[in-house]
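>>> My questions concern the predicted model and sequence given below.
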Amino acid sequence: MSTTRKVLIIDDDADQRALLGELLRLENWQVIEADDGNAGLDIIRAQRPDVVLCDLLMPRGNGFLVCRKVREDLALRHTRIIVTSGRDYESDRLAAREAGADEYLVKPVEPKNLFEAISRLTADVKSPARSGPGTQLPAGGPTCVKFWGVRGSIPTPGPATVGFGGNTTCVEVRAGGEIIILDGGTGLRTLGRDLLAEFGEQPLHLTMLLSHTHWDHIQGLPFFQPIYRPDCRLRILGFEGARNGLVHVLTSQMESPYFPVPFAELPGNVQIDELKDMEFRVGNIRVQAHFANHPGICVGYRIFTDDGSVAFFPDNEPHTRVHNTSPQPAGAGRAAFDFAEAQEKKFVEFLGGVDVLILDSQFDAQEYEQHIGWGHGCVDYAVAVAMKAGVKRLVLFHHDPDHDDAKVEAMLAHAHKLVAAAKSALVVEAAREGRVIELARSPK
């Protein structure tokens, strides 16, 4: 057995826990214990054991309840449950199966029966994707950023957008041996196809960071081919939505009648985790999150690598609305403006010195005045913020669905004029599907 395998024993009988635990440790299982069903459920959600041995008759949450609660949570769909009981009623066996148990063993549990059941249940099941080494990339390779979807709101295919691309938000970052996917818009489909072509039969270990769950940032997930392979591990990280949890939001778009393959039937190992902290790690890569100014719970990320950092804010509006408001408001309006300016200061500090900033630049300045409060920014604001924060390269992002290639080129030219007028060293480009940015290696 692999030492990475976890088993949770839920039983109010301490002697039974000790006996089963000793047997499993001899087979190199990591053993966790709980003395009632409710405590066991908390551990299952937090630690994601591969196998749960659950007594049927317990106070504070019986075995049937544990089975039902685990099966209601799609994020726990790979958890295998073995119900144990001192009773051998056929009706109990049937009820346990109906509640979601994978196996039913009668106490005292014979070691041979226990390990046969565990071996059978885990033979074709991959351990849940956890933080750690991802797809085997050269650890010393350069940090690369590749754009797979650059459009906002809705895909816009056609001859007018072929230059910059019409897929919705999806960016790939390769660094430190990890593949990190930023958002899962329709660009995710092409990324998935290319990953399978590149890595062939090699297992894929991937991490996706979601800025938020508006449809243009998640609609590519059902078409991401790696999740239809049993050896793929995809860990999706994001923050809880306003009305429903992250698991519900991502899986509901795959329910009938919207999609023919339910999330629960995916053969790939997809783990969905809601972030609680604003700083965390993906393998050896440090990541910081910062709340964006956009409807709902929306964040941006800054990814720190050995070659520099990448910041990703696909949807973000100036806190001060039109950044060059004049004259300054007074009274209550002044207090609100001061608060907004303080939020802008925090945003600039978060971005300070970043090597590549991918920032919402959906509108030009005139369009933005007609869209204040929509949750999106403009080119003038993006350039101003980037220069103030000492950003090295700004990538204009989240192109408006009504903007053709000529319009995006015009907005980019305007950005270049703003930089030249300020005599800034800032490099500005417009996000283009297929474009790869390689961060310069730091001198040793």
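The structure has been received and is ready for your questions. Numbers count the residues shown, from 1 in each chain.
>>> ok, which stretches of the stretch 1-150 of the chain are helices?
14-26, 37-47, 63-72, 90-99, 111-122 (DSSP state H, counting those that start in this stretch).
>>> What residues of the first one count as buried?
The neighbour-count criterion (16 or more other Cβ atoms under 10 Å) identifies 16-17, 19-21, 24 as the buried residues of helix 14-26. Every C-beta, even on glycine, is put in place using the N, C-alpha and C of the backbone.
>>> Out of these, which comes closest to R45?
Nearest to R45 among those: R17, at 19.9 Å, using Cβ to Cβ.
>>> In the protein, where is pLDDT below threshold?
Within the chain, the segments meeting pLDDT under 70 span 1-4, 124-140, 241-244, 321-333, 441-444.
>>> Okay, domains of it per the record?
6-122, 144-438 (automatic domain parsing).
>>> before we move on, the earlier item: any chance of TSV for the buried residues of helix 14-26, columns distance to Y368?
Shown next, in TSV, are the buried residues of helix 14-26 (distance: Cβ to Cβ, whole Å):
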residue	distance to Y368
Q16	66
R17	62
L19	68
L20	63
G21	62
L24	61
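>>> Am I right that H371 sits in a helix?
No. In this structure, H371 is coil, not part of a helix, as judged by DSSP: H, G, I helix; E, B strand; the rest coil.
>>> which one of the helices of the stretch 1-150 of the chain is the most hemmed in?
For these, the largest average neighbour count (mean count of other Cβ atoms under 10 Å) is found in helix 63-72, namely a mean of 20.
>>> centre of the chain versus that helix, how much separation?
Taking Cα atoms, centre = their mean, to the nearest Å, one finds the center of helix 63-72 at 26 Å from the center of the full chain.
>>> And that helix, what does it pack against?
helix 37-47, strand 51-55, strand 80-85, helix 90-99 (3 or more Cβ pairs under 8 Å, 6 or more residues apart in numbering; DSSP states H and E).
>>> 10 Å - rerun?
Applying 3 or more Cβ pairs under 10 Å, 6 or more residues apart in numbering; DSSP states H and E, we find helix 63-72 packed against strand 6-10, helix 37-47, strand 51-55, strand 80-85, helix 90-99.
>>> picking up where we left off before, for the buried residues of helix 14-26, which one is nearest A336?
For these, the nearest to A336 is R17 (57.7 Å; Cβ to Cβ).
>>> Quick check, the closest one in contact with I10.
Yes. Using Cβ atoms under 10 Å, R17 is in contact with I10, at 8.5 Å.
>>> all helices of the stretch 301-444 of the chain, in order?
Remark: helices assigned in the stretch 301-444 of the chain by DSSP H, counting those that start in this stretch are 331-351, 365-369, 379-388, 405-421.
>>> Now distance to N28 too, for the ones you listed, in a markdown table please.
As requested, these are exported to a markdown table (distance: least, Cβ to Cβ, whole Å):
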| stretch | distance to N28 |
| --- | --- |
| helix 331-351 | 44 |
| helix 365-369 | 60 |
| helix 379-388 | 52 |
| helix 405-421 | 56 |
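>>> Which of these sits closest to F224?
In terms of Cβ to Cβ, the element of the helices of the stretch 301-444 of the chain nearest to F224 is helix 405-421, at 26.4 Å.
>>> Relative to F339, which of the helices of the stretch 1-150 of the chain is closest?
Taking those one by one with Cβ to Cβ, helix 37-47 is closest: 36.3 Å.
>>> tell me the angle the closest one makes with helix 63-72.
If you take axes from the mean of the first three to the mean of the last three Cα atoms, to 10 degrees, helix 37-47 sits at 30 degrees to helix 63-72.
>>> can I get the CA coordinates of helix 37-47 in CSV?
Extracted in CSV, the C-alpha atoms of helix 37-47 (Å, rounded to 0.1, in the frame of the first residue of the first chain):
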residue,chain,number,x,y,z
GLY,A,37,-20.5,10.2,13.1
ASN,A,38,-20.6,14.0,13.3
ALA,A,39,-17.0,14.3,14.2
GLY,A,40,-16.2,11.8,11.4
LEU,A,41,-18.0,14.0,8.8
ASP,A,42,-15.9,17.0,9.8
ILE,A,43,-12.7,15.0,9.3
ILE,A,44,-13.9,13.6,6.0
ARG,A,45,-14.6,17.1,4.6
ALA,A,46,-11.3,18.5,5.9
GLN,A,47,-8.8,15.6,5.2
